[in-house]
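**Q** make a model of this:
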Amino acid sequence: MDSSLVIGVATSTAERVHLARLLADADAVLLVSSAEQARAFLDLTSAETSPVVLTPAVVAAAPRRTVTAQIESVPPTAFPAPALVADPDPMDELSLDVHRRVVRWKDREISLTRLEHDFLHCLVTEPGRVWTYQRLHLAVWGNEHLGHGSHIHSVVKRLRQKLTDLGAAVTIHAVRGVGFHLLPA
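**A** Residues are numbered from 1 along each chain as shown. Below you'll find the model as predicted:
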């Protein structure tokens, strides 16, 4: 049985997360941050065929499961293989110490309250995923009562300030009327 490899090119982590969701049903997906990285990968894997590079134009208004793309044929010898240098993912630099309730960015750390820790733990476990108000409330406060939601926004405000104080390149983004997710700043 033949399987396909879809190569998605997206410059930011948020776009790569969005693209991964759009291509969730594909047999195999490789997400890179530039067409040059895709070409380098293709040059390493196949020198006999002319690869096709899929460059998606990630549009926020596009309906789910729709990807707008430009297809370009790349002769295998058209570009020398550049050195593959992975862009550091800001999410990889952020860590949460669950035993000490501290958030760490590179070599700096800040203490968190229990609510801040539990809230950030939800977002860190699945970066890019939108956590609904109801799901966050259940995970952090242990019940489904949402009330007016000011307590959630208070925790988010404090966490955003602490992430800024750390110099972190990630922050908590609000999805109006839905919830929050952790994305690069």
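**Q** Val155 belongs to a helix?
**A** Yes - checked against DSSP: H, G, I helix; E, B strand; the rest coil, Val155 lies within a helix.
**Q** list the contacts for it?
**A** Contact analysis of Val155 by C-beta atoms under 8 Å, 6 or more residues apart in numbering lists 115-116, 119, 140. No exception for glycine: its C-beta is placed from N, CA and C like everyone else's.
**Q** my guess is Val170 contacts His181, does it?
**A** No - using C-beta atoms under 8 Å, Val170 makes no contact with His181, being 10.4 Å away.
**Q** what touches both of the two?
**A** Common neighbours of Val170 and His181 (C-beta under 8 Å, 6+ apart) are Pro127.
**Q** which SSE is Asn143 in?
**A** Using DSSP states H and E, Asn143 maps to neither a helix nor a strand.
**Q** and it, how far from Leu23?
**A** 36 Å (C-beta to C-beta, to the nearest Å).
**Q** in a markdown table: the contacts of Val155, plus pLDDT.
**A** Formatted as a markdown table, these follow (pLDDT from 0 to 100):
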| residue | pLDDT |
| --- | --- |
| Leu115 | 94 |
| Glu116 | 95 |
| Phe119 | 94 |
| Val140 | 90 |
